[in-house]
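Enquirer: What shape does this take:
(one chain, ligands or ions: 1)
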Amino acid sequence: MTAADFVVVANRLPVDRVEGPDGEEIWRTSPGGLVAALEPMMRNVNGAWVGWAGQADVELEPFEAGGIRLIPVALSAEEVAEYYEGFANDTIWPLYHDVIAPPQYHREWWDAYVTVNRRFAEAAAATAAPEGTVWVHDYQLQLVPQMVRELRPDVTIGYFHHIPFPAHGLYAQLPWRDQVLRGLLGADVIGFQRAQDATYFLTAVRRRLRYEVKGAHVSVPDGDGVRTAMARAFPISIDTTPYLELAAREDVRARAAEIRASLGNPKRILLGVDRLDYTKGIRHRIKAYGELLAEGRLKVEDVTLVQVASPSRERVDAYVHLRDEIELAVSRINGDTDTMGHSAIRYLHQGFPREEMVALYLAADVMLVTALRDGMNLVAKEYVATRVDDRGVLVLSEFTGAADELRQAVRVNPHDIEGLKDAIMTAVEMTPTEQGRRMRSLRRRVLDNDVDAWSSSFLAALSEVRGR
Ligand code: GDG
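Expert: Here you go, the predicted structure:
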């Protein structure tokens with residue numbers, strides 16, 4: 001097998017196993033933002049992607065899909081339970097999202113995390129060409145940078161963290177806090193979504209490891225010497241092209257009109273699109289909306305909230321409970337307020353094709369992003385990119401990475417239910433002129449800072465640090 005000059009390492013390979021036209025199983029490239037961001041570069045530079053194919057207990061040889069060379073890492077069912085559902089999604093995820101749900105600390109989960117991270121690192125080290133580049137992604141693989149460095153000191157290593165990094169007072173809970181910091185510091189560049197995340201990380205490095213930190217640079221002991229690692233923000237974005245194309249398509253626009261009509265052409269459609277996750281503030285949003293209806297500030301004949309909650313992590317307990325809570329709240333509000341012809345909330349626990357998502361964005365007068373904590377929140381950027389008509393209002397939580405950039409959104413603290421209710425009313429009542437003024441500014445920001453700009457700036461920083 002030929003070595004690759006550019007190796008992406010992520011928990012998942014960018015493919016799904018689906019049924020082909022003749023009933024046979026085939027691999028289909030999954031439409032995630034990360035693939036879109038990296039695909040052109042991977043093709044040009046002799047790239048490879050190391051990751052898990054999504055099925056437990058399946059050993060696969062390297063293969064190609066959609067023009068990308070894929071290197072599968074196998075996981076046993078027990079490893080999926082302990083490394084992925086356990087340590088990644090029930091320890092790190094809640095801890096790094098400010099303990100919105102209680103993190104579970106189990107030593108056997110940590111052991112599985114170390115074992116699986118080593119397997120990913122070994123696959124990356126075996127794939128990278130001499131002096132090549134390895135770009136590691138996200139919280140499932142925080143130990144991989146240092147493990148790759150030990151195996152392959154010749155390669156340049158980048159790491160990008162897609163979720164928040166917590167303040168030191170919270171981070172300090174992690175029983176393996178020093179090991180994780182050392183794992184991340186194996187990278188030459190450690191990228192975060194917000195400046196705040198990078199600051200928290202650097203504080204943890206100074207306080208826990210006592211390494212010297214100057215601005216964004218950390219002096220990391222390396223053998224007998226010292227090397228420099230850099231940690232700073234590289235806010236991720238979306239590939240705007242498909243959103244602009246879909247938003248301009250006649251059939252998609254007709255579908256948006258059809259959605260409005262099928263909801264009874266209410267005066268205002270409000271929309272939420274989230275993975276069904278406790279970080280997304282879906283309960284807070286529904287509570288605020290329910291109170292506005294109960295108080296008569298909104299009337300069920302005039303408004304509908306469409307809530308897409310795509311299924312997520314259904315084997316983790318916290319997610320099972322969350323789903324029950326949300327579905328109870330939705331059915332109570334609908335039961336109390338619906339008429340024969342109008343429903344307060346149209347709740348969809350389903351995933352949809354991207355065409356349908358864009359039609360929904362175009363149909364929605366108000367987009368509600370009320371996350372309690374969110375690394376970035378790409379839904380906010382997708383909504384803005386799609387509004388080629390300069391209409392619509394984005395209500396955006398201060399606790400998302402997107403809030404640093406999208407200053408012309410209606411900003412909210414989702415914990416403040418009265419404030420959230422007022423923000424929803426501001427959005428519902430906003431004049432078309434004011435909508436246009438804000439949306440033009442939001443769109444400029446997203447269109448000028450798309451995902452290409454993100455990956456280029458990360459890779460430029462990587463060559464700069466390596467060249468020092
Ligand atoms: C993590 C961080 C950070 C959702 N439902 C459907 C669907 N989606 C798509 C959205 C969007 C993506 O999934 C979700 O991205 P978000 O950024 O909103 O949130 P996370 O999944 O939590 O992502 C986050 C991100 O990583 C990137 O770094 O921004 O903070 O938590 O693209 O459109 N897409 C389709 N059907 C659905 O039903 N097609």
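
Enquirer: model confidence over stretch 171-179, on average?
Expert: Taken as a whole, stretch 171-179 has a mean pLDDT of 98.

Enquirer: pretty sure L292 is in contact with D422, am I right?
Expert: No: applying CB atoms under 8 Å, one finds L292 not in contact with D422, separated by 9.7 Å. Where C-beta positions appear, they are placed from N, C-alpha and C, glycine not excepted.

Enquirer: what about the two, which has more around it?
Expert: When neighbours are counted by other CB atoms under 10 Å, L292 comes out ahead of the other of L292 and D422, with 20 against 16.

Enquirer: Return the alpha-carbon coordinates of the helix or strand encompassing that one using PDB.
Expert: Here L292 sits within helix 282-294, counting by DSSP states H and E. Output of helix 282-294 as PDB, limited to C-alpha atoms (Å, rounded to 0.1, in the frame of the first residue of the first chain):
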ATOM      1  CA  ILE A 282     -34.600  21.800  23.000                       C
ATOM      2  CA  ARG A 283     -36.500  21.600  26.300                       C
ATOM      3  CA  HIS A 284     -35.900  25.300  27.100                       C
ATOM      4  CA  ARG A 285     -37.100  26.300  23.700                       C
ATOM      5  CA  ILE A 286     -40.300  24.200  24.000                       C
ATOM      6  CA  LYS A 287     -41.000  25.500  27.500                       C
ATOM      7  CA  ALA A 288     -40.600  29.200  26.400                       C
ATOM      8  CA  TYR A 289     -42.800  28.600  23.400                       C
ATOM      9  CA  GLY A 290     -45.400  26.700  25.400                       C
ATOM     10  CA  GLU A 291     -45.600  29.600  27.900                       C
ATOM     11  CA  LEU A 292     -46.100  32.200  25.100                       C
ATOM     12  CA  LEU A 293     -49.100  30.200  23.900                       C
ATOM     13  CA  ALA A 294     -50.500  29.700  27.400                       C
END
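
Enquirer: in that helix, what counts as buried?
Expert: 282-293 (16 or more other CB atoms under 10 Å).

Enquirer: just stretch 212-227 next, same as before
Expert: 213, 216-218, 220, 227.

Enquirer: coming back round to it: does the ligand sit close to the helix holding L292?
Expert: No: using CB under 6 Å from any ligand atom, helix 282-294 never reaches the ligand; the gap is at least 12.3 Å.

Enquirer: Contacts for that helix next, please.
Expert: 270, 272, 274, 276, 298-300, 303, 305, 307, 309, 322, 325-326, 329-330, 332-333, 336-337, 344-345, 368, 370, 372, 414-415, 417, 420-421, 424-425 (CB atoms under 8 Å, 6 or more residues apart in numbering).

Enquirer: and Q104, what does it touch?
Expert: Counted by CB under 8 Å, 6+ apart, Q104 has contacts 86, 90-91.

Enquirer: hmm, I was thinking of Y105
Expert: Residues in contact with Y105 (CB under 8 Å, 6+ apart) are 91, 173-175.

Enquirer: List the ones among those that fall in strands.
Expert: Counting by DSSP state E, no part of these is found in strands.

Enquirer: Assign a three-state SS to E150, would you?
Expert: Assigned by DSSP: H, G, I helix; E, B strand; the rest coil, the conformation of E150 is helix.

Enquirer: of the contacts of Y105, closest to the ligand?
Expert: The shortest approach to the ligand among the contacts of Y105 belongs to T91, at 15.9 Å (CB to the nearest ligand atom).

Enquirer: Now the element after the helix or strand of the chain at the bottom of the mean pLDDT ranking, going C-ward?
Expert: Within the chain, no helix or strand scores below helix 33-44, which has a mean of 74 by mean pLDDT, DSSP states H and E. Downstream of helix 33-44, the next assigned helix or strand under DSSP H and E is strand 47-52.
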